[in-house]
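>>> for reference, the sequence and a predicted model appear below.
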Amino acid sequence: MKKLLAFISGYSRRSLIQALVAGIVCGACNTSLLALINRTVKEGTGANTLWMYIGVWLLLPLSRFSSEMLLTTLGQGALYELRARLSRKILGAPMRQLEEVGAPRLLTMLTEDLPVITAALLQIPMLCVNGVIVVGGLLYMGWMSPTLFVMVLGLMVLGVLGYQLPVLRAMRHFRKSREASDALMTGFRALTQGTKELKLSRRRREAFFSRSLDASARDYKENHIRAMFVHVGAASWGQAMLFAIIGMVLFLLPRWTAVDAQMHIGYALVLLYLMTPMQMVMNTMPALNRAGVALEKVEAMGVSLAEELPAQGTESPDAIGPGWSQLQLAGVTHVYRREGEDNNFTMGPIDLTLERGQIIFLAGGNGSGKTTLAKLLVGLYAPERGEILIDGKRVLATEREAYRHLFTAIFSDFFLFESLLGLDSPNLDEEARNYLQLLQLQHKVQVANGVLSTTDLSQGQRKRLALLAAYLEDRPIFLFDEWAADQDPVFKDIFYRQLLPELKAKGKMVIVISHDDQYYGIADRIIKLNSGQVAYDRPGAQVSSSLTDVQSSNVG
Ligand SMILES: Nc1ncnc2c1ncn2[C@@H]1O[C@H](COP(=O)(O)OP(=O)(O)OP(=O)(O)O)[C@@H](O)[C@H]1O
């Protein structure tokens, strides 16, 4: 509750104070109506009481409406801000950090924590109104009879303690069930993405279900039930305490105290009136506690995600002018660190100078570091040591966004957007149709207003669509990570012998990660990697002819 209030007051303290003032007026109206009813029951009707009743009756809905609406607007505003801030944080966080956090944790936060916080925020207006009614009722009881009030308050404190102490325990279970959600999300990802592998093996399917999915689902369920068990028990205790208090007021206190019988009846009436708002307050506690846990997680993630320096967008994306000709890596390194493991993969130090208007192949065995080098080259990873230079000028951290705008890249785990986002050419559809023809997709995919008619295609066709987006972006450097691996021999040939030379002829730098050694001849340079180091950097024709020699001597 404290966390949630701090969260919404952080959004607008002024609106929160206004909402609370309206809430207090609403509570005061409730208490006044209660007092007027009580007075009428005791003393009979009077003209003054009627007019006062009408006046308060008019003020009540107005104050309640204002308080609830202000809190709703405030809660939704805070939630909107939180979603936007989180999405921006994720968009702005360094790639490596996002890889380390992992998709399941990010997804749990977006799909589980945010809805839990939303649900709790929706309850806050009702909670405040009911809370204020309870406080007003208590004050009224104090005014009616301080002696009785002290006794009733003593019992209430006992009731609240009996409620609160177990509820604190319940938080522990909510935290555990939240931990299980992360594991559950990892399982769900495997469930949706590993369908083929799971379908093909019954034993794998059963092991996956029982060890991974079922185990975390069970863990989640059990901790959630335990938390709710405590909450429901505590709420039942709270209700029993309320009736115990009413019972004491009606049966025992008249014998022990000198307070008159009418007063006891009035007290019992007020307590009965407060029963529903008190129960509503108790019933919202589980949702608020869960939201507290969710908010802890979201805030921890927000704090742990660093912003790339500087804040995105402070530098114009075109800050690096079009006339550059040389890209240089000087002593660049990157290390993948794994906790508790000594054999971290180390890339570099790499020294390379790449020229515009060249086709450069990155070759090497699996795990030799080609994709890592590509990520360093395009600026997705910042070099841990060393620097990147354009025409001899160091690319500063403030220019990294602009530097990345030199590249269009298709990685092997590319994502295809259905809309051609971020492209604003007036003839976008026309250009896209031309490229669809070049990529032999014109019969499969149509484009209208920058939206593709479908992306449900074969893997090779999806890669061609990714190429379409790359062409439309038309950046100075094209990077392809094993792009041709899924193409049929005919289109593979078109890619290597027609499309890549065309890009080169347009003055583009073309970097191609490839295992297709039969096409090494078209490359200006082949840079071969081995265990994160450059094994050799030679002209393509030279590597190609030595490969041909080896093949023919093998045949011979
Ligand atoms: N996200 C990651 N976290 C930790 N280690 C990683 C990560 N990605 C790659 N590595 C490690 O870095 C090494 C190089 O990986 P990289 O993907 O750069 O190789 P590659 O040459 O592109 O391989 P392939 O030809 O199989 O695609 C691998 O041995 C792997 O262990």
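Perfect, thanks for sending it. Numbers count the residues shown, from 1 in each chain.
>>> what helix or strand is G247 on?
Secondary structure assignment for G247, by DSSP states H and E: helix 214-247.
>>> okay, buried residues for that helix please.
216-217, 219-220, 223-224, 226-228, 230-231, 234-235, 238-239, 241-242, 245-246 (16 or more other Cβ atoms under 10 Å). Where you see a C-beta, it was placed from the backbone N, CA and C, and this is true even at glycine.
>>> so where's the chain uncertain?
Where the chain drops to pLDDT under 70, the residues are 1, 258-259, 307-319, 340-341, 550-556.
>>> which positions in it make contact with the ligand?
99, 336, 345, 364, 366-372 (Cβ under 6 Å from any ligand atom).
>>> please parse this protein into its domains.
2-304, 326-555 (automatic domain parsing).
>>> and I320, which of those is closest to it?
domain 326-555 (5.0 Å; Cβ to Cβ).
>>> ends of stretch 375-386, how far apart?
End-to-end span of stretch 375-386 (Cα to Cα, to the nearest Å): 15 Å.
>>> chain center to it, what's the gap?
The chain centre lies 25 Å from the centre of stretch 375-386; the measure is Cα atoms, centre = their mean, to the nearest Å.
>>> residues contacting it, please?
94-96, 308, 327, 329-335, 347-350, 372, 388, 395, 397, 400, 403-404, 407, 409, 477, 479, 511 (Cβ atoms under 8 Å, 6 or more residues apart in numbering).
>>> which stretches of the stretch 51-200 of the chain form helices?
Secondary structure of the stretch 51-200 of the chain (DSSP state H, counting those that start in this stretch): helices located at 95-101, 103-108, 114-144, 146-193, 195-200.
>>> which of those sits most buried?
helix 114-144 (a mean of 20; mean count of other Cβ atoms under 10 Å).
>>> who are the packing partners of that helix?
helix 2-11, helix 13-43, helix 47-92, helix 146-193, helix 261-304 (3 or more Cβ pairs under 8 Å, 6 or more residues apart in numbering; DSSP states H and E).
>>> if we can go back for a sec, quick one: the very next helix or strand once past the helix holding G247 to chain centroid distance?
Sequence-wise, the next helix or strand downstream of helix 214-247 (DSSP H and E) is helix 253-256. Distance, stretch centre to chain centre, for helix 253-256: 59 Å (Cα atoms, centre = their mean).
>>> go ahead and confirm R205 touches K199.
Yes. With contact defined as Cβ atoms under 8 Å, R205 and K199 form a contacting pair (7.3 Å).
>>> common neighbours of these two, please.
Counting by Cβ under 8 Å, 6+ apart, nothing touches both R205 and K199.
>>> between the two ends of stretch 499-512, what distance do you get?
12 Å.
>>> in it, what counts as buried?
Those would be 499-500, 503-504, 508-512, for stretch 499-512 by 16+ other Cβ under 10 Å.
>>> closest one of the residues you listed to L122?
I511 (50.9 Å).
>>> the closest one: helix or strand, and which one exactly?
Per DSSP H and E: strand 509-513 holds I511.
>>> strands paired with that strand, and their directions?
strand 359-364 (parallel), strand 477-481 (parallel) (DSSP bridges).
>>> let's have those in a markdown table, adding mean neighbour count and distance to L86.
Shown next, in a markdown table, are the strands paired with strand 509-513 (neighbours: other Cβ atoms under 10 Å; distance: least, Cβ to Cβ, whole Å):
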| stretch | mean neighbour count | distance to L86 |
| --- | --- | --- |
| strand 359-364 | 23 | 35 |
| strand 477-481 | 23 | 29 |
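>>> closest to P115 out of those strands?
strand 477-481 (35.8 Å).
>>> and the residues of the chain next to the ligand, which two are furthest apart?
Of all pairs in these, the most separated under Cβ to Cβ is E99 and G364 at 21.0 Å.
>>> how far off centre is stretch 91-98?
12 Å.
>>> restricting to C-alpha, output that stretch in PDB.
Extracted C-alpha coordinates of stretch 91-98, given in PDB (Å, rounded to 0.1, in the frame of the first residue of the first chain):
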ATOM      1  CA  LEU A  91      14.600   0.400 -25.800                       C
ATOM      2  CA  GLY A  92      17.400   2.400 -24.400                       C
ATOM      3  CA  ALA A  93      19.300  -0.300 -22.500                       C
ATOM      4  CA  PRO A  94      22.500  -1.700 -23.800                       C
ATOM      5  CA  MET A  95      22.000  -4.800 -25.900                       C
ATOM      6  CA  ARG A  96      24.300  -6.900 -23.800                       C
ATOM      7  CA  GLN A  97      22.400  -6.100 -20.700                       C
ATOM      8  CA  LEU A  98      19.100  -7.100 -22.300                       C
END
